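Peer 1: Prediction below, plus the sequence it came from.
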Amino acid sequence: MILDAKIPSGPLAEKWDKHRFETRLVNPANKRKFTIIVVGTGLAGASASATLAELGYHVKTFTIHDSPRRAHSIAAQGGINAAKNYQNDGDSIFRLFYDTIKGGDFRSREANVYRLAQISNSIIDQCVAQGIPFAREYGGTLANRSFGGAQVSRTFYARGQTGQQLLLGAYSALMRQVKMRKVEILPRREMLDLIVIDGRARGIVVRDMRSGRISSHVADGVVLATGGYGNVYFLSTNAMNSNVTAAWRACKQGAFFANPCFVQIHPTCIPVHGDYQSKLTLMSESLRNDGRVWVPKKVGDDRDPDRIPEEERDYYLEKKYPSFGNLVPRDVASRNAKEQCDQEKGVGQTGRAVYLDFAEAIERDGLEMILKKYGNLFQMYEKITASDPRREPMMIYPAVHYTMGGLWVDYNLMSTIPGLFVLGEANFSDHGANRLGASALMQGLADGYFVLPATICGYLAETKLAPVKSDHVVCEKGEKQAADKISSLLNCSGKRTVDDFHKELGRLLWDYCGMARNRNGLETALAKIPEIREEFRHNVLVPGKNESLNQSLERAGRLEDYLEFAEMMVVDALQRRESCGCHLREESQTAEGEARRDDENYAYVAAWEFAGDGKSPKLHRENLVFENVTLSQRSYK
Amino acid sequence: MSNDKIGLTLKIWRQPCSHSKGKFETFHVNNISSDMSFLEMLDVLNEHLTLGGKQPVAFDHDCREGICGMCGAVVNGQAHGPEKGTTLCQLHMRHFRNGDTLVIEPFRARAFKVERDLVVNRSPLDKIIQAGGYVSVNTGGAPDGNGVPVAQDTAEQAMDAAACIGCGACVAACPNGSAMLFVGAKVSQLVLLPQGYPERAGRALNMVAEMDELGFGNCGNERECEAVCPKSISIRNIARLNREFFKAALFG
Ligand SMILES: Cc1cc2nc3c(=O)[nH]c(=O)nc-3n(C[C@H](O)[C@H](O)[C@H](O)COP(=O)(O)OP(=O)(O)OC[C@H]3O[C@@H](n4cnc5c(N)ncnc54)[C@H](O)[C@@H]3O)c2cc1C
Ligand code: FES
């Protein structure tokens, strides 16, 4: 199969306009005859559901949460980018496009990213109109900040709760449509399979998480907006219920999975402090603007930080990267922290942490100034760790944060299964091998408010769909398979808990398929994953029954999918023998030990086709063509 | 991080489903690290229960960062436990002492049904939002973001109200099971901003009517809601709601 990204012809800046003009429309009076299923109510799913309903489609929206407002998007802190150039500091659509492509280390599509930058401005307008309380200047105009090392101030924010406010905006638009009976909302429903009839996505199989009832829902199109898969590592900054289940089941039905090994690891998180740890908390990256990163020079030096004199401290980022210092990009900061800890120079109880020290900044700017900038972050840190960053340096360590990989989609956001559209973090489309700060919120809302509503009508207008009912044989088969999977989990009565297995998988991936990878390690992981999976199937202990709220069962089902998916991730990492974006492939380094990208051999999207249980997935390449930017190597020296 | 270990007695509400009867069950946990969060303590308990062939305690949670509003339980009579301005997931075990007994119950209110153990159904809060907690704009055609200036302190006040995470602690803490703080927060956010202004009258009336309809009680000025709110949302928002409501009722 040749992957056709359906990128419109013509100049970059005109593609989206031209494409919208060439896309067939659905007659307004006919729209209500089409039912569209949306799975997920994060930024992408909520915005898509609301907008499709406003346009007149009949929408059925599913979420695993008790309310659509709980989606993981709610936790985003920093902000959302747009090319408004309100600050008059030289920003433009092209600059946002260029920064995003370059930030993604040239592993994303020009056309998609350009469209994203174009749409970014309408997102801000829309959100303001919804009554989102963005931060303002004294004069009443919108405030911006510079984020994640950007040279311009293009990030819009609502305190440290931007994700919450944007999600509540999309949620309220959705609630308005629910009230108007345009959207039927089905909470606490978990999608367990995709229904594919005559080669097209026609519905989903879901489990009601309160009663255990499994049922099918059919539609004319299915939209997945089910988020990222960072929790495959067990510990991550993602919400606990984030999962790969919906995407993975779609993959098993024929949707290709693109670049699964592209995972972003965020450098400034609160370190792990014990085996019981359930998730990791992100501390805003802005802290690195004033904090200095260091470790003791001596291996195993366990003195308190204030007893380690200046000359015995190693400010390793400042030393190694004199021009960027503590502000090197996320991947470089993360990798170097891990390197120091691997050399046993890490600090804290576990030795898996480095210091982020504000002493000098406080001395220079005064405590008041520093608290004005970071007061809430200092408080949050103190609440969790009981240590006061005004007096002692913070301890930080990298954590899994965002997954750039996801289901492969074309320019219309349609997967390789016709009728299946994928939005937000669940697709792979815009961030290449690394995502810039404040760009995920932008992408989720661009997909949901503007892109999908414009592209799905083309599919619906051009496709003749036979009517199907939810008692179709394919639905029945899907329901039975889902029920069988559940019974085998419940009947296993093994000796190890779900979390115990999940932690084992997570540690394995973190060690061998984390920020630095090499062939040996990846092969070790590849050999080990099927062993864990086998043991899981024979030795997992899932208490309770299907017919009631059973959180252990929910977790077990998700882990089973992670155990299958993890293998695809590692296979993908193995084939990509270049360092790129967020990860260092140890075999591909420059003489100075920095990441070396290999454009000649790897300037492609790796899209994987599921080939059957226990079989190695099949690779399809989408070659990336760059006509508007020149590929450059990153350098931070 | 101090990392002391403590032991606790837990009396936890157990209820298999919404239509069965519930009762307290007592557990003992040891070796609880003071750096653990309250939910991690429950995770530890649940691992023990599972391995011992018992049913783990069901509790809702997701972000574990105090923002999704999914977690929540009443601990020794206080919604979200003893720390002010803190959700249950952000409450750490260092605030308890070795040997303490903790009584842990679901958020109870006439409008919230217990689904299982500590899990309750808070979807009535969604219904209240459906009654008017939005600005009626469709996607597309919005004016430029800077088209309408908003004074900085107005935006800040709107943000103070908008910080509500919809956890329902205010309802659980209120002797009347009222959702006035929740409604007041949303009405305030939208009335403070010019974008929400045009629909102010209908919004206040409809949201309050829906709240009554769903079985939430009335505000008796007990201020318990403000005391337990993990986002410290002020009851001034209730006063603002009352003003909006009466203005709308009198003048339409
Ligand atoms: C701590 C943190 C801070 C962040 N800060 C920023 C930031 O400042 N700026 C930025 O741009 N990005 C940020 N991000 C990234 C960003 O928040 C996410 O990438 C984005 O919100 C994802 O949105 P989404 O709509 O794709 O998915 P999600 O918000 O993850 O929503 C997924 C939805 O799918 C549903 N779902 C999942 N599985 C199933 C299933 N099987 N069946 C039914 N429903 C299902 C869930 O219920 C949920 O409604 C941050 C991320 C984290 C973790
Ligand atoms: S789990 Fe999200 S607020 Fe506590």
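Peer 2: Okay, I see it. Ligands and ions are numbered 1, 2, ... in the order given.
Peer 1: and the longest helix along chain B, average pLDDT?
Peer 2: Identified as the longest helix of chain B according to DSSP state H is helix B:236-251. In this model, helix B:236-251 has an average pLDDT of 96.
Peer 1: hmm, who's touching that helix?
Peer 2: With C-beta atoms under 8 Å, 6 or more residues apart in numbering or on different chains as the test, helix B:236-251 has contacts from B:161, B:180-181, B:183-185, B:187-188, B:191, B:200-205, B:208, B:219. Heads up, the C-betas are built off the backbone N, CA and C, glycines and all.
Peer 1: Next SSE downstream of the lowest-mean-pLDDT helix or strand in chain A?
Peer 2: Using mean pLDDT, DSSP states H and E, the weakest-scoring helix or strand in chain A turns out to be helix A:367-385, at a mean of 89. Per DSSP states H and E, helix A:367-385 leads on to strand A:394-403 as the next helix or strand towards the C-terminus.
Peer 1: hang on, the earlier thing: could you give the separation of the least confident helix or strand of chain A from the chain centroid?
Peer 2: Per C-alpha atoms, centre = their mean, to the nearest Å, the displacement of helix A:367-385 from the mean C-alpha position of its chain is 27 Å.
Peer 1: in what helix or strand does whatever residue of the stretch 101-250 of chain B ends up closest to ligand 2 lie?
Peer 2: For the stretch 101-250 of chain B, the residue closest to ligand 2 is B:Ile165, as judged by C-beta to the nearest ligand atom, at 6.1 Å. B:Ile165 is part of no helix or strand, with elements assigned from DSSP H and E.
Peer 1: For it, give its distance to chain A.
Peer 2: As for B:Ile165, its distance to chain A is 8 Å (criterion: C-beta to the nearest C-beta, to the nearest Å).
Peer 1: Please read off the pLDDT at that residue from the model.
Peer 2: pLDDT, B:Ile165: 98.
Peer 1: what's the neighbour count on it?
Peer 2: B:Ile165: 26 surrounding residues under other C-beta atoms under 10 Å in any protein chain shown.
Peer 1: pretty sure it contacts B:Cys68?
Peer 2: Yes: contact criterion C-beta atoms under 8 Å: B:Ile165 and B:Cys68 qualify, at 6.8 Å.
Peer 1: show me what contacts the closest residue to the residue of the stretch 101-250 of chain B closest to ligand 2 other than its chain neighbours?
Peer 2: Distance criterion C-beta to C-beta, 6 or more residues apart in numbering or on different chains; nearest residue to B:Ile165, sequence neighbours excluded, is B:Gly69 at 3.5 Å. B:Gly69 makes contact with A:69-70, A:74, B:87, B:165-168, according to C-beta under 8 Å, 6+ apart.
Peer 1: Tell me the secondary structure at B:Gly69.
Peer 2: Here B:Gly69 is coil, with the state taken from DSSP: H, G, I helix; E, B strand; the rest coil.
Peer 1: With A:Leu194 instead?
Peer 2: Under three-state DSSP, the three-state class of A:Leu194 is strand.
Peer 1: so who does it touch?
Peer 2: The contact partners of A:Leu194, by C-beta under 8 Å, 6+ apart, come to A:201, A:203-205, A:222, A:246, A:249-250, A:253, A:255, A:417, A:420, A:478.
Peer 1: Do any residues in the least confident helix or strand of chain A lie close to ligand 2?
Peer 2: No: Helix A:367-385 stays clear of ligand 2 (C-beta under 6 Å from any ligand atom), getting no nearer than 13.0 Å.
Peer 1: how about that helix against chain B, any contact?
Peer 2: Yes: for helix A:367-385, a contact with chain B is found by C-beta under 8 Å from any C-beta of the partner chain, at A:383-385.
Peer 1: on that earlier part again, among the contacts of A:Leu194, which one sits closest to ligand 2?
Peer 2: Using C-beta to the nearest ligand atom, those come closest to ligand 2 at A:Ala246, 21.1 Å.
Peer 1: give me the element the residue lying closest to the closest one once chain neighbours are set aside is part of.
Peer 2: Nearest residue to A:Ala246 in three dimensions, chain neighbours excluded: A:Thr226, at 4.0 Å (C-beta to C-beta, 6+ apart). Using DSSP H and E, A:Thr226 is not contained in any helix or strand.
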